[in-house]
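> got a structure for you, letters missing:
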């Protein structure tokens, strides 16, 4: 027995939209003097986690990590300017398109104390 020829059209599921920054978030973030920073964004429906990409001002990728919730923190950044970008990741581990980048500025001043030098007695 033979059946009729059937044609199947297979389409991939659409990617999730990029995460959006909250309306109250500033145009750029500024870290504390030690280079620590925490920030958040609006949750994307269907996102299992998020991909955070930290780039230098020249566009070189410095850090790329998966974040399970809609908030992230960076620590001990060196002084300078950075860009942070976000992607939504679905249940099939497929990252979506890049969201709008945000600038991060780390001040050149530090409030880390210099180590104390022990005094020595010479006889």
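Yes, it's here. All figures in this text were calculated on a predicted structure; none of them were measured in a lab.
> residue contacts, residue 93?
When contacts are counted by CB atoms under 8 Å, 6 or more residues apart in numbering, residue 93 touches residue 48. Heads up, the C-betas are built off the backbone N, CA and C, glycines and all.
> quick check: phi and psi on it?
When quoted as degrees, to the nearest 10, the phi and psi of residue 93 stand at phi 60, psi 30.
> next one: the longest strand seen in the chain to chain centre, how far?
Longest strand in the chain, counting residues (DSSP state E): strand 80-89. Strand 80-89 has its C-alpha centroid displaced from the chain centroid by 4 Å (CA atoms, centre = their mean, to the nearest Å).
> that one packs against which elements?
Secondary-structure packing of strand 80-89 (3 or more CB pairs under 8 Å, 6 or more residues apart in numbering; DSSP states H and E): strand 49-56, strand 102-106.
> mind listing the strands the first one pairs with, and their directions?
The one in question is strand 49-56. In the sheet, strand 49-56 lines up against strand 61-67 (antiparallel), strand 80-89 (antiparallel) (DSSP bridges).
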